[in-house]
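Colleague: Sequence and predicted structure below; questions after.
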Amino acid sequence: MPYKPARVIKPKRKGFRGKEPFLKTGDMIHWESFLERNFIRLADFDLQVDEIFYQPVCIHYSLNGKKHKYFPDFKLILKDGRVFIIEVKALRFKNSSKNVIKYEVGRKFCEAQGWHYEVFTEVEINPGHLQTNLSLLRHLGTQEVTDKIMDDILDQLKLKTAMYLFDLRESCAEIDEESFYKAVYQLIYLQEISTDLINVKLSDDSILRFSIEEDRSSCS
């Protein structure tokens, strides 16, 4: 059965809306701000996140004798079974009285369900070069490449504590350039190779390491 959101994102005079593929499942996730789009990319990169749903619930509440509805932005389901309701909010609007009330409503709703509630701003979603790097990795790091090529690259990287990307390229000269970069970007996206994606824009000067569990990304 097709997913049915609690609220349909409609066109509006100001602002943006769109859809972003969630690569883990192939689902198209609707967003209504670039910050929401970037959160989808962040959640997709988080190895702990299995599924994401947009506009997942309608929460009814009363305030000053009036009835209101609150539609949080996303619902995440993690590998360990935890469920998170996520509100994405620009930092300049985060602490407005209207929004603070919604957060409290959201937290109480989640407590009753045994879920978790979090608010994400651009501070958590867009640190440094992360989103620029994720955009590159989602484009080039998801193209088809053989397991043998990826294994050969990892074997070379394991011989050193760390390597510049250009040094790794020289160590894998027998692999054609296009396949090499596709494989490296895919290994970075899958977090089998770790590199600083926040403070450094991905390039041949990036320092690469064979990834260990503690290096792997989590937004939860």
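Modeller: Sure, I can see it.
Colleague: going forward, measure contacts and count neighbours with C-alpha atoms only.
Modeller: Fine.
Colleague: tally of neighbours for K160?
Modeller: The local packing of K160 (other C-alpha atoms under 10 Å) involves 12 other residues.
Colleague: Wait, a helix at it?
Modeller: No. K160 is assigned coil when assessed by DSSP: H, G, I helix; E, B strand; the rest coil, not a helix.
Colleague: gap between it and D167?
Modeller: Computed as C-alpha to C-alpha, to the nearest Å, the K160 to D167 distance reads 11 Å.
Colleague: now swap in K108 and tell me
Modeller: Taking C-alpha to C-alpha as the measure, K108 falls 52 Å from D167.
Colleague: which residues touch M28?
Modeller: K19, E20, P21, F22 (C-alpha atoms under 8 Å, 6 or more residues apart in numbering).
Colleague: Quick check: which element contains it?
Modeller: If you go by DSSP states H and E, M28 is part of strand 27-31.
Colleague: I'd guessed R17 sits against S33; true?
Modeller: Yes. Counting by C-alpha atoms under 8 Å, R17 does reach S33; the two are 6.0 Å apart.
Colleague: Grab the nearest non-local neighbour of the residue sitting nearest the centre point of the chain.
Modeller: Taking C-alpha atoms, centre = their mean, the centroid of the chain lies closest to L42, which sits 1.4 Å from it. Closest residue to L42 apart from its sequence neighbours, by C-alpha to C-alpha, 6 or more residues apart in numbering: I125 at 6.8 Å.
Colleague: And for the one helix or strand E178 maps to, what's in contact with it?
Modeller: Using DSSP H and E, E178 maps to helix 177-189. Identification of contacts with helix 177-189 by C-alpha under 8 Å, 6+ apart yields 45, 134, 137-138, 140-145, 149-150, 153, 169, 172, 193-195.
Colleague: and what of stretch 102-110?
Modeller: I59, Y61, Y70, P72, I85, H116, Y117, V119.
Colleague: quick one: contacts for I29?
Modeller: Contact partners of I29, counting by C-alpha under 8 Å, 6+ apart, are K19, E20, P21, F22, I40, I52, F53, Y54.
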